[in-house]
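Enquirer: what follows is a predicted protein model with its sequence.
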Amino acid sequence: MAQLASYVAVVNGDGVDAPLPAGTTYAHKLKEVSIEAGKLKVLGMTQSTSTGFVACFSEEKDLFAVEHDLRLGENMRCFDVCEPVSSATLEKSKRSLADARAVLVINGQLDGPTGKEFVASISGDNADQFAAAFAAQPGLICKHVLRSRWGDRDVIGGCYFFESVADVETYLNSGFWLGCEKETRWKEVVGEVFEIV
């Protein structure tokens, strides 16, 4: 099975023009774009002009170096990637990370279950079904299932790589995504769509 990186850092904000960090497994410069998704009920999409990067790391020490870069602090969010379900989405999609042209980042705070309970619900016997459902979405290359690295809030989400921005728009307007919104017990859910530049 293809193995995704174990950690994801998303850095973005108005005017952020930091270079891609060293030690990444894969990384992309990003420019935020707007899409139309009028049926969303839970997910609130940001509408700004931010730039930045997504950086994926296999080694915690490399992520640690970026986390402690004071120039990026207020514009950076770092996450653990839940495995093996994340890598299974890449394997089942039969697509290549090299074809990624768009990134969707979604984060929300769990409203009831703990982070450990959420991860358990998509692991084990459920992992294959979960991964297959996401991998079947048009243009979706992979979903990094995210969990916050901070212990005081159970923040979960996804860092999705897509083949195009149009595929992201299709995904967020799909019955599949609207079902995910409804079935997940979360609040303060925010999404951002980026074009890879």
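Expert: Arrived safely, thanks for sending.
Enquirer: strands of this structure, residue ranges please.
Expert: 7-13, 26-33, 44-45, 51-57, 76-81, 102-110, 140-148, 155-162, 186-196 (DSSP state E).
Enquirer: how about CSV for those, with mean pLDDT, distance to residue 121 and mean neighbour count added?
Expert: The way it works is simple: take the backbone N, C-alpha and C, and place the C-beta from them, glycine included. Output for those, formatted as CSV (pLDDT from 0 to 100; distance: least, Cβ to Cβ, whole Å; neighbours: other Cβ atoms under 10 Å):
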stretch, mean pLDDT, distance to residue 121, mean neighbour count
strand 7-13, 94, 20, 23
strand 26-33, 96, 28, 18
strand 44-45, 93, 24, 14
strand 51-57, 96, 24, 24
strand 76-81, 92, 16, 20
strand 102-110, 95, 11, 22
strand 140-148, 95, 11, 24
strand 155-162, 95, 11, 25
strand 186-196, 95, 13, 19
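Enquirer: relative to residue 89, which of those is closest?
Expert: Among the strands of the chain, strand 140-148 comes nearest to residue 89, with 4.7 Å by Cβ to Cβ.
Enquirer: tell me which strands the closest one pairs with, and in which orientation.
Expert: strand 76-81 (antiparallel), strand 155-162 (antiparallel) (DSSP bridges).
Enquirer: residue 50: which of these is closest?
Expert: Of those, nearest to residue 50 by Cβ to Cβ is strand 76-81, at 12.3 Å.
Enquirer: ok, and the closest non-adjacent residue to residue 159?
Expert: Nearest residue to residue 159, sequence neighbours excluded (Cβ to Cβ, 6 or more residues apart in numbering): residue 144, at 4.2 Å.
Enquirer: tell me which residues touch the one you found, please.
Expert: Taking Cβ atoms under 8 Å, 6 or more residues apart in numbering as the criterion, residue 144 is in contact with 4-5, 8, 56, 79, 81, 86, 158-160.
Enquirer: separation between it and residue 70?
Expert: 26 Å (Cβ to Cβ, to the nearest Å).
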